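**Student:** coordinates for the following, if possible.
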Amino acid sequence: MADAKPDPAPVLNLLNAFRSSQALFVAVELGIFEILQASNSPTSLEVLRDRVAQRQGQPVSPDGLDRLCRTCVALGLIQTPSPGLFALAPVAESYLVASSSTSLAGYCTHSAQVVWPLFGDLSTAVASGAHVWQQAFGQPGSDVFARIYSTPAAVLRFLRGMHSFAALSAPSVVTAFDLSSATSLVDLGGATGALARAACELYPTLRSAVVVDLPHVVADAREHFAPPPGGPCDGRLSWLAADFFAEPEKLPQQVDVVVLSRILHDWDLLRCRQLLALSYRLLRPGGLLLVAEMLLDADRVGPLPVLLQDLNMLCQTHGRERSAAEYGQLLGDAGFVGCDARKTGSYLDAVMARKPSGPQEAGEKPSDTALNGCV
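**Tutor:** Below you'll find the predicted structure:
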């Protein structure tokens, strides 16, 4: 028919998308997944209501809770093995229970408390081209973090969420390129060490992997995320407390691999150039720079998750997401050669470039190496 209109489903799905996210966030906040996991058997709404009320320290509406739980069933997070009973779905047991080694519950809480309000001021961020911490919270970002993460338990919950996010991609990132010739690695801003740990586990020839981060991060990482004694990383994975912008002299020198995982996307061009210059100095001639970031397509209009993350960076940092060609230009301008980019199929992609091994290689034009490799 001439007047037939397109299917409205894409628009309707977008109209409802934020409701799904909020249902997830509230279910995590109320501890529904934790309670169902601890129950070890299907749980009635009455029992679940009592345990949620006890956990929250206040009464909970049985009608409201029933509506939320049935929504979580439709989202695939909860199961109903029989009418009136609820049980944890496998995906929630793996990713939404705090005790799971792959739990994203901490990141759900972070998204609800921090990312959600920032995205509420997306229009301001788009209009100004700058982050919106002050508009969303009435405080600078550093003060917001200090207020929200004011207890050791809150900090640990956040770190565990970020660790699980990193661990999901780490094996794919470190195997996107062959690192088997490397014996030393430095991960700048590596926090809990998920990527460095994956490198140690997958490359037995890697003798030293040093994770550099700020002192308070390193203290928590050593206490809660260090690999067990006697494991494949024992004696090979370590942390170094340092501000790599202010204390570059503390960092290992002449290393085989420098890793920048989700670091460059945080910063403006000037800071990115400083980070790449530092990475260049730390590497031995012929050493490798491994960048782990989400990659935009060449036309910069996809993939959707990367574009949404790019808006996230607009709302809360000075940074942005980039395409492979843009990373090629950035790394080539910093003196690196042989740039190559790989889509990993996981949350993060990988870009590799090399410090020239001698004057002749250093004389290559970026357009001969980085741009043609990173496309």
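
**Student:** from Asp220, how far off is Leu185?
**Tutor:** Distance from Leu185 to Asp220, counting by Cβ to Cβ, to the nearest Å: 21 Å. No exception for glycine: its C-beta is placed from N, CA and C like everyone else's.

**Student:** the more surrounded of those two?
**Tutor:** Each of Leu185 and Asp220 has its neighbours counted (other Cβ atoms under 10 Å); Leu185 has more, 30 against 20.

**Student:** tell me the strands beside the helix or strand hosting that one, with direction?
**Tutor:** Following DSSP states H and E, one finds Leu185 within strand 184-188. Strand 184-188 sits in its sheet next to strand 208-213 (parallel), strand 255-261 (parallel), going by DSSP bridges.

**Student:** dump these into TSV; add distance to Asp143, mean pLDDT and mean neighbour count as well.
**Tutor:** TSV is the format used below for those (distance: least, Cβ to Cβ, whole Å; pLDDT from 0 to 100; neighbours: other Cβ atoms under 10 Å):
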stretch	distance to Asp143	mean pLDDT	mean neighbour count
strand 208-213	21	97	24
strand 255-261	26	98	24
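
**Student:** picking up where we left off before, by how many degrees do the next helix or strand after the strand holding Leu185 and strand 255-261 diverge?
**Tutor:** Under the assignment DSSP H and E, the closest C-terminal helix or strand after strand 184-188 is helix 194-202. Compare the direction of helix 194-202 with that of strand 255-261 by axes from the mean of the first three to the mean of the last three Cα atoms, to 10 degrees and you get 140 degrees.

**Student:** quick check: mean pLDDT across helix 194-202?
**Tutor:** Mean pLDDT, computed over helix 194-202, is 97.

**Student:** try stretch 106-116
**Tutor:** Stretch 106-116 comes out at a mean pLDDT of 93.

**Student:** could you do stretch 11-27 as well?
**Tutor:** The model assigns stretch 11-27 a mean pLDDT of 96.

**Student:** in it, what counts as buried?
**Tutor:** Judged by neighbour count (16 or more other Cβ atoms under 10 Å), stretch 11-27 contains these buried residues: Ala23, Leu24, Phe25, Val26, Ala27.

**Student:** residue contacts, the first one?
**Tutor:** For Ala23, the contacting residues are Leu68, Thr71, Cys72, Leu75, by Cβ atoms under 8 Å, 6 or more residues apart in numbering.
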